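> Generate coordinates for the sequence data below:
(one chain, ligands or ions: 1)
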Amino acid sequence: MKKHLVKIISVALIVSSSIGLFGCKSSTGNKVDEIKKAGVILVGTSGDYPPYEFHGDVNGKDEIVGFDIEIAKQIAKDLGVKLVIKDMKFDALLASLNTNKVDFVMAGMTPTPERATSVDFSKIYYTAVQTIVIRAKDKDLIKNLADLKDKVIAVQKGSIQEGIAKEQLPNSKVIALPKISDEILELKNNKVDALIVEAPVAAAYISNNKDLIIAEVKLQGDDSGSAVGIKKGNTALVDAVNKTLDKLITEKQIDKLVTDATDKVIAK
Ligand code: ARG
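All right, here's what the predicted structure looks like:
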């Protein structure tokens with residue numbers, strides 16, 4: 001009787017562990033097939049980066065809009081699925097890929113070698129230069145890197161600007177804030193003296209804050225591209241995303257989407 005029970009239990013164990021194995025297999029299988037089956041794709045973003053992604057009024061409703069979102073919609077459309085947007089802090093984005101909270105990330109994210117150790121990237125779909133934003137009244141005070149000595153510089157937490165500031169402005173005080181919109185407020189309120197953001201973002205915020213300007217200061221090697229972040233090993237999804245990007249790039253759609261999004265910011 002006892003022997004019998006042992007046998008039943010061990011058979012049950014073998015059966016359940018092989019079910020487990022199969023279960024496992026399907027979840028590490030083709031991510032694109034899974035997404036198509038689910039009918040939705042989740043994009044993670046940080047909606048504080050106009051014209052890339054920002055809060056906009058869509059028929060009286062607060063929604064995340066911007067050219068990254070338009071590109072994400074196109075990616076979803078080409079896969080035949082619905083796009084769902086998850087807005088979060090920029091420094092939470094990479095982890096959200098690895099914990100499967102989102103399927104891809106679009107947040108004006110620069111594909112650095114360091115980030116590429118934890119996630120994969122698509123090709124670069126857009127490139128911008130780094131700029132320094134200051135108060136308009138400081139125009140003649142801050143003209144070059146040396147003028148930023150002992151000044152307080154705000155950067156976004158987890159962004160490449162954080163590294164740029166620490167490297168190129170060792171004599172300044174660098175503070176990292178979770179959101180760009182907070183940096184803008186701190187600058188307007190004289191709590192910080194300058195902030196580093198990509199040019200289109202600087203232009204977008206300045207268009208709505210006439211007390212701010214882009215400084216004449218030039219940073220070194222200041223080009224940075226944006227790419228789509230995807231969890232490591234999802235080659236099929238990287239390929240699908242690159243296919244959509246290729247199409248948009250060849251059709252010269254990206255610049256158009258950037259212009260449209262910028263117009264929306266200015267109209268705000
Ligand atoms: N390109 C910079 C980086 O990758 C900044 C991106 C910030 N994006 C955002 N949505 N706030 O670090």
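
> Residue 33 - nearest residue in space that isn't next to it in sequence?
Leaving aside its sequence neighbours, residue 33 sits nearest to residue 236 (C-beta to C-beta, 6 or more residues apart in numbering; 7.7 Å). C-beta coordinates here come from the backbone N, C-alpha and C atoms, glycine included.

> was I right about the one you found contacting residue 32?
Yes - applying C-beta atoms under 8 Å, one finds residue 236 in contact with residue 32, separated by 4.3 Å.

> okay, the two: which has more neighbours?
residue 32 (20 against 16; other C-beta atoms under 10 Å).

> helices or strands up against the helix or strand hosting that one?
Here residue 32 sits within helix 31-38, counting by DSSP states H and E. With contacts defined as 3 or more C-beta pairs under 8 Å, 6 or more residues apart in numbering; DSSP states H and E, helix 31-38 has these neighbours: helix 67-79, helix 235-250.

> Looking at those helices, which is nearest to residue 119?
helix 235-250 (10.3 Å; C-beta to C-beta).

> tell me what the helix or strand just after the closest one is packed against?
Remark: after helix 235-250, the chain's next helix or strand is helix 253-267, criterion DSSP H and E. Counting contacts by 3+ C-beta pairs under 8 Å, 6+ apart, helix 253-267 is packed against helix 67-79, strand 119-135, helix 199-207, helix 235-250.

> where in the chain is pLDDT low?
1-29, 268 (pLDDT under 70).

> Next to the ligand, which bits of the stretch 1-150 of the chain? Give me the list.
46, 48-49, 52-53, 90, 107-110 (C-beta under 6 Å from any ligand atom).

> What is the nearest of the residues you listed to residue 166?
Closest to residue 166, out of all of these and judged by C-beta to C-beta, is residue 110, at 15.8 Å.

> Dig out what the residue nearest to that closest one when sequence neighbours are not counted forms beta bridges with.
Spatial nearest neighbour of residue 110, excluding adjacent residues (C-beta to C-beta, 6+ apart): residue 224 at 4.5 Å. Counting by DSSP bridges, residue 224 is bridged to residue 128.

> quick revisit: select, out of the helices and strands packed on helix 253-267, the one closest to residue 172.
Taking C-beta to C-beta, strand 119-135 is the member of those nearest to residue 172, at 10.6 Å.

> Just the CA atoms of that closest one, as CSV, please.
Only the C-alpha atoms of strand 119-135 are listed here, as CSV (Å, rounded to 0.1, in the frame of the first residue of the first chain):
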residue,chain,number,x,y,z
VAL,A,119,18.8,45.1,-22.3
ASP,A,120,18.9,44.9,-26.1
PHE,A,121,18.4,47.9,-28.3
SER,A,122,16.9,48.5,-31.8
LYS,A,123,18.7,50.7,-34.2
ILE,A,124,18.9,54.5,-33.5
TYR,A,125,15.8,56.2,-34.9
TYR,A,126,16.6,59.8,-33.9
THR,A,127,19.7,61.8,-32.8
ALA,A,128,19.9,65.1,-30.9
VAL,A,129,22.6,67.2,-29.3
GLN,A,130,22.9,68.0,-25.6
THR,A,131,22.2,71.5,-24.5
ILE,A,132,22.3,73.5,-21.2
VAL,A,133,19.2,75.4,-20.2
ILE,A,134,19.6,78.4,-17.9
ARG,A,135,17.5,81.4,-16.7
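
> Report the strands that pair with the helix or strand following that strand, each with its relative direction.
Once strand 119-135 ends, the next helix or strand along the chain (criterion: DSSP H and E) is strand 152-156. Sheet partners assigned to strand 152-156 using DSSP bridges are listed as strand 173-177 (parallel), strand 194-198 (parallel).

> In CSV: those strands, plus distance to the ligand.
What follows is the strands paired with strand 152-156, written out as CSV (distance: least, C-beta to the nearest ligand atom, whole Å):
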stretch, distance to the ligand
strand 173-177, 11
strand 194-198, 6
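
> okay, those, which one's buried deepest?
strand 194-198 (a mean of 26; mean count of other C-beta atoms under 10 Å).

> With just CA atoms, put it into CSV.
The C-alpha coordinates for strand 194-198 follow below in CSV (Å, rounded to 0.1, in the frame of the first residue of the first chain):
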residue,chain,number,x,y,z
ALA,A,194,21.4,75.0,-15.1
LEU,A,195,20.2,71.7,-16.5
ILE,A,196,21.3,69.4,-19.2
VAL,A,197,18.8,68.0,-21.7
GLU,A,198,18.6,67.1,-25.4
